[in-house]
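Novice: My questions are about this predicted structure, shown below with the sequence.
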Amino acid sequence: MTIRKLREQLRKGRSIYDLPLRVTYYARVSTDKVEQQGSLEHQVQYYTELIQKNPNWTFVGGYVDEGLSGTSTCKRESFLRMIDDAHRGLFDFIITKEISRFSRSTLDSIQYTQELLDANVGVFFQNDNINTLDTDSEFRLVVMAGVAQDEVRKLSERLKFGFRQSIRNGRVLGNSRLWGYDKKDCRLTIVPEEAEMVRLLFTLYATGEYGLRTLSQELTRRGYTSAQGHPFNQTTIKHILTNPKYKGWYCGNKTQSLDYRTKKRAFLEESEWIIHPDPNIPAIVSEELWDQANAIFRQRSQAVRAKTAGYHNRYPYSGKIICETHGVSFHRQAFQTQEGEREYWRCRVYRQRGKEGCGLPAIRTCEVDQVLAGLFSEVVTEKAQIIRLVLDSIASAAQGVDHEAQIGRIERQIVQIREKKEKLLELSMENAITLQEFKERNEQWNCKLSALEAQQLALQRQQERSGVALDPAVLEKALWEELNFANGVHSEVVAAILDHIVVLEQSTDKQIYLEIHLRLGQQASAHFQRGELVLCNLPLKNTIPPMGTRTT
């Protein structure tokens, strides 16, 4: 029955309880506390009985979300499944307790109510006595949802006040898992065994003879490992070194909420942090030792930033060679031989944990060069498309685009994604997430990163060529010569054509198996033997339509 027909019946004086409807309910509680779980059970029982005892209604089951806030719908799986089922026509009417169960955001509540009405599904907010089948329901819903949203905002402000008051009362808030401490009832007490490791960590680092990686190795050698029995990763060591709690200081106000509805937060400048000595936090190391270690850490961090500024992806294969096992990129390493510098690439996990972390072999740059030279020469039918893309890119550079601002914006996005990938790797190495979860989420970040890097590269090329008048015919001839790979490959060509290379798990020190993905949407596989570089299985698989049929 359509919404129009249902409203006609209601205008004739019939009650919603008199109509033959397929009815469901939506129930939710916002915490995982035992008493809230009891409330949820009561909601389910109440609505099930309410629907089933009405002879005019057909009960089609219910939808339940547990332990989730009402300020956003993005994480409520049952709620979103209910919306999807409404579009599939599985029911006619939804009963829920109140607007705050459905959504505390005015934007969400109006949006989803209208979406359900468009799908010929009504909603009854029982405690608020709002039936969206009534013609005046939308106005009443705006008023009620606005009140609910204001209550959430006030609650957010009260929580902030309570947070600040707890700090003044000497209650230690924040992460409960802090090496060297046991936290109970918002009070920290020192764990002697762990505190011994923390003191050793600060003492060794303050000598200036250890970096984060060598410090992790030294701690492992002395028998100190993470809770999972793994060597401490560099991120954990950095967090210990830079946490003022270890010298008995409080440090807070590092982030600020941007929107109480989305819960998005922004990191504040260090000058805005609240940091001071706190008698409620027992110190594990002296202030002098902490300050000495952090002076070294800051000095090294500044030196690294100065050295690497402007040199992201300075090598052709940076970020493009991927470990199939862990989904992370290979890092460049180089050493001197009698013949000169030899450059090769290793999985980042191997560099952090050795062969136990990753058993895939190192890949030499010269080997990848030869593989790609052979592969690129096979892309004869696509050379015209490549040249056209390059010419179009150069032509667009003369349009006066603010390249500097765009490049800067993309660079900030790239840095944010890399930080998220580092955090994801840390969670994986600490077994906080499964390897499969890591691979899936890391692949999502890799896709976004590749797209941003490609966009950044194109803008940089445009910026370099801005204002330079080139004869298209001369340029096209030069490009055809450039795409002749008899003399190897150039880094610019690698950047323009290669998307990424996956080093497959069956690779050994003598047999290397690669999966090569090109920016044109093609894919190829390569296998070679060390010392012989025998290539096989190189036919390209097209994943894009031919030039004549490609759509934009």
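Specialist: Cool, got the structure. Numbers count the residues shown, from 1 in each chain.
Novice: any idea how far residue 296 is from residue 16?
Specialist: 72 Å (Cβ to Cβ, to the nearest Å). Every C-beta, even on glycine, is put in place using the N, C-alpha and C of the backbone.
Novice: More neighbours: which of the two?
Specialist: residue 16 (20 against 17; other Cβ atoms under 10 Å).
Novice: List the contacts of that one.
Specialist: Taking Cβ atoms under 8 Å, 6 or more residues apart in numbering, we find residue 16 in contact with 10, 93, 122, 124, 131, 133.
Novice: So which of the residues you listed sit within helices?
Specialist: Counting by DSSP state H, those place residue 10 in helices.
Novice: Need the contacts of residue 16 in TSV (columns: distance to residue 284, pLDDT and neighbour count).
Specialist: Formatted as TSV, the contacts of residue 16 follow (distance: Cβ to Cβ, whole Å; pLDDT from 0 to 100; neighbours: other Cβ atoms under 10 Å):
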residue	distance to residue 284	pLDDT	neighbour count
10	69	85	18
93	61	95	25
122	61	92	25
124	58	91	19
131	61	88	18
133	64	87	20
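Novice: out of the contacts of residue 16, who's nearest residue 280?
Specialist: Minimum distance to residue 280 across the contacts of residue 16 is 50.9 Å, recorded for residue 124 (Cβ to Cβ).
Novice: count of residues packed around residue 416?
Specialist: 13.
Novice: Ignore what I typed, I meant residue 510.
Specialist: By other Cβ under 10 Å, neighbour count at residue 510 equals 11.
Novice: With the one 4 residues further on instead?
Specialist: The burial metric for residue 514, expressed as a neighbour count using other Cβ under 10 Å, is 24.
Novice: would it count as being in a helix?
Specialist: No: read with DSSP: H, G, I helix; E, B strand; the rest coil, residue 514 is strand and lies in no helix.
Novice: How about it: which residues does it bridge to?
Specialist: When assigned by DSSP bridges, residue 514 has beta-bridge partners residue 503, residue 526.
Novice: Settle this for me: it is touching residue 505, isn't it.
Specialist: No: counting by Cβ atoms under 8 Å, residue 514 stays clear of residue 505, with 11.7 Å between them.
Novice: on that earlier part again, now the contacts of residue 16 in a markdown table, with distance to residue 113?
Specialist: Converted to a markdown table, those look like this (distance: Cβ to Cβ, whole Å):
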| residue | distance to residue 113 |
| --- | --- |
| 10 | 17 |
| 93 | 13 |
| 122 | 9 |
| 124 | 11 |
| 131 | 11 |
| 133 | 11 |
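Novice: Next, check the contacts of residue 16 against the strands and list the overlap.
Specialist: Assigned to strands by DSSP state E, the following of the contacts of residue 16 qualify: 93, 122, 124, 131.
Novice: Tell me the one of the residues you listed nearest residue 196?
Specialist: Of all the ones in strands among the contacts of residue 16, residue 124 has the smallest distance to residue 196: 62.3 Å, by Cβ to Cβ.
Novice: do you know how far the closest one is from residue 351?
Specialist: The gap separating residue 124 from residue 351 is 60 Å, by Cβ to Cβ.
Novice: for residue 65, same thing?
Specialist: From residue 65 across to residue 351, the span is 42 Å (Cβ to Cβ).
Novice: For residue 215, grab phi and psi.
Specialist: Backbone torsions for residue 215, taken as degrees, to the nearest 10, come to phi -70, psi -40.
Novice: what sits against it?
Specialist: With Cβ under 8 Å, 6+ apart, residue 215 has these contacts: 201, 204, 205, 237.
Novice: do that again at 6 Å, thanks
Specialist: Going by Cβ atoms under 6 Å, 6 or more residues apart in numbering, residue 215 touches 204, 205, 237.
Novice: who wins for most neighbours among the residues you listed?
Specialist: residue 205 (24 neighbours).
Novice: what about the residue nearest to that residue when sequence neighbours are not counted, distance to residue 237?
Specialist: For residue 205, ignoring the flanking residues on the chain, the nearest one in space by Cβ to Cβ, 6 or more residues apart in numbering is residue 293 at 4.9 Å. To residue 237, residue 293 is 11 Å away according to Cβ to Cβ.
Novice: Please apply the same query to residue 523.
Specialist: Using Cβ to Cβ, residue 523 is found at 39 Å from residue 237.
Novice: Give me the mean pLDDT for stretch 274-285.
Specialist: In this model, stretch 274-285 has a mean pLDDT of 84.
Novice: and for that stretch, what are the contacting residues?
Specialist: Contact partners of stretch 274-285, identified using Cβ under 6 Å, 6+ apart, comprise 170, 180, 188, 190, 195, 198-199, 202, 244-253.
Novice: Least confident secondary structure element in this protein?
Specialist: When the helices and strands of the chain are compared on mean pLDDT, DSSP states H and E, strand 541-542 comes out lowest with a mean of 45.
Novice: More neighbours: residue 65 and residue 351, which one.
Specialist: Between residue 65 and residue 351, residue 65 has the larger neighbour count (other Cβ under 10 Å), namely 23 against 14.
Novice: Bridged to the more buried one, which residues?
Specialist: Counting by DSSP bridges, residue 65 forms beta bridges with residue 28.
Novice: is it true that it touches residue 80?
Specialist: No: if you go by Cβ atoms under 6 Å, residue 65 and residue 80 don't touch, sitting 9.5 Å apart.
Novice: Surely the residue nearest to residue 205 touches residue 203?
Specialist: No: Residue 293 is not in contact with residue 203 according to Cβ under 6 Å; the separation is 8.4 Å.
Novice: Could you check which of the two has the larger neighbour count?
Specialist: residue 293 (24 against 14).
Novice: So for the helix or strand containing the more buried one, what gets flagged as buried?
Specialist: Residue 293 belongs to helix 287-308 when elements are defined using DSSP states H and E. Of the residues in helix 287-308, 289, 290, 292, 293, 294, 296, 297 count as buried by neighbour count, 16 or more other Cβ atoms under 10 Å.
Novice: so what does that helix touch, helix or strand wise?
Specialist: Applying 3 or more Cβ pairs under 6 Å, 6 or more residues apart in numbering; DSSP states H and E, one finds that helix 287-308 makes contact with helix 192-206.
Novice: contact partners of the helix it packs on?
Specialist: For helix 192-206, the external contacting residues (Cβ under 6 Å, 6+ apart) are 179, 180, 210, 215, 224, 284, 285, 289, 292, 293.
Novice: can we see that at 8 Å?
Specialist: By Cβ under 8 Å, 6+ apart, the list of residues contacting helix 192-206 reads 179-181, 210, 215, 218-219, 222, 224, 237, 240-241, 246, 284-285, 289-290, 292-293, 296-297.
Novice: excluding its backbone neighbours, what's nearest residue 87?
Specialist: Spatial nearest neighbour of residue 87, excluding adjacent residues (Cβ to Cβ, 6+ apart): residue 119 at 5.0 Å.
Novice: Over to residue 25?
Specialist: Ranked by Cβ to Cβ, 6+ apart and with sequence neighbours excluded, the top spatial neighbour of residue 25 is residue 47, at 3.7 Å.
Novice: Please apply the same query to residue 78.
Specialist: residue 63 (4.3 Å).
Novice: What is the neighbour count of residue 280?
Specialist: Neighbour count for residue 280, taken as other Cβ under 10 Å: 14.
Novice: again with the one 5 residues further on
Specialist: By the criterion of other Cβ under 10 Å, residue 285 has 21 neighbours.
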